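Colleague: quick one: sequence plus predicted model below, questions after.
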Amino acid sequence: MDKAEIQVTDEGIAAKVGLARFHSLTLRCFKLPGLEDRCEEFGQFATYKGTMTGMPVAFDLDDSHRFETGRAVAVCGNTALMVRG
């Protein structure tokens, strides 16, 4: 998930929202059959091949899964389902 705070630069709007903060979120969602209700590792590994455009060195699936090209990473069953090719 990519997250960035949005700055309120208009003084009039800033006065109305007070201490409220705003963020922009980008979510990557998967609707896959067979997902488990919790993350369990059973010896699965994923290795990123570096083939996605603009991501030759690493790929961030979400805020807790970073795959570096050519490096095997232990993953849970759900993550294995998400990244299998």
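Modeller: Cool, the structure landed.

Colleague: ok, what's across the strand from the most centrally placed residue in the chain?
Modeller: The C-alpha lying nearest the average C-alpha coordinate of the chain belongs to Asp62 (CA atoms, centre = their mean; 1.5 Å). Partner residues in beta bridges with Asp62, using DSSP bridges, are His65.

Colleague: next one: Ala58
Modeller: Each beta-bridge partner of Ala58 is listed here, defined by DSSP bridges: Glu68.

Colleague: hang on, isn't it packed against Tyr48?
Modeller: Yes. Between Ala58 and Tyr48 there is a contact under CB atoms under 8 Å: 7.1 Å. (C-beta placed from N, C-alpha, C; glycine too.)

Colleague: so what sits against both of the two?
Modeller: Phe67, Glu68, Thr69 (CB atoms under 8 Å, 6 or more residues apart in numbering).

Colleague: quick one: contacts for the second one?
Modeller: With contacts defined as CB under 8 Å, 6+ apart, the neighbours of Glu68 are Tyr48, Val57, Ala58.

Colleague: what about Ala58 and Tyr48, which has more around it?
Modeller: More neighbours surround Tyr48 than the other of Ala58 and Tyr48, with 21 against 13 (other CB atoms under 10 Å).

Colleague: how many neighbours does the nearest residue to the more buried one once chain neighbours are set aside have?
Modeller: Distances taken as CB to CB, 6 or more residues apart in numbering put Phe67 closest to Tyr48, at 3.7 Å, once the chain neighbours are dropped. When counting by other CB under 10 Å, one arrives at 21 neighbours for Phe67.
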